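>>> could you look at this predicted model? Sequence included:
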Amino acid sequence: MEHEKPLSDHSIFLGYVMWVFGIIGLHRFYYGKPISGAIWALTLGLLFIGWIIDLFLIPDMADEATRRFPGGQYDYNLPWILLVLLGVFGVHRFYQGKILTGLLYLVTLGLCGLGVLYDWFTLNRQIADLNLGID
């Protein structure tokens, strides 16, 4: 019998909380859809129409993210909350055990915001790699 990887824990509730700020695509970044998240950010949620449609799509996005990103020791929800609220201070990087880049973010305000933007695009993959034991 094949050993299955544990499922991730992308929360529907947190997705809806982030959807409130959906015109900047936050919920889409959280569910591992950074390209459409960037499009939402640049177009105000496709002029609010896509933002309204996403109200109904969030449960499916959560299911897809749960299947795509492996669960494990590291949670997905906490680092996303830390990134959104304290990203420029690198707190999400400290959570991941990335002390040097956490300190770098702390003294450079998230590398002047560019590092935080990079993490919006890659945080799910970073957590997945940690859960798979890839550094």
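Perfect, I can see it now.

>>> contacts and neighbour counts: CA atoms only from here.
OK.

>>> quick check: buried residues in the helix or strand containing Leu106?
Here Leu106 sits within helix 99-112, counting by DSSP states H and E. Residues of helix 99-112 classed as buried: Thr101, Gly102, Leu103, Leu104, Tyr105, Leu106, Leu109, Gly110, Leu111 (neighbour count, 16 or more other C-alpha atoms under 10 Å).

>>> next: stretch 36-46.
Gly37, Ala38, Ile39, Trp40, Ala41, Leu44, Gly45, Leu46.

>>> quick one: which helix or strand includes the fifth one?
Using DSSP H and E, Ala41 maps to helix 34-47.

>>> who are the packing partners of the helix or strand following that helix?
The helix or strand immediately downstream of helix 34-47 is helix 49-68, counting by DSSP H and E. Secondary-structure packing of helix 49-68 (3 or more C-alpha pairs under 8 Å, 6 or more residues apart in numbering; DSSP states H and E): helix 12-19, helix 34-47.

>>> let me know the angle separating helix 49-68 from helix 12-19.
Here the directions of helix 49-68 and helix 12-19 differ by 150 degrees (axes from the mean of the first three to the mean of the last three C-alpha atoms, to 10 degrees).
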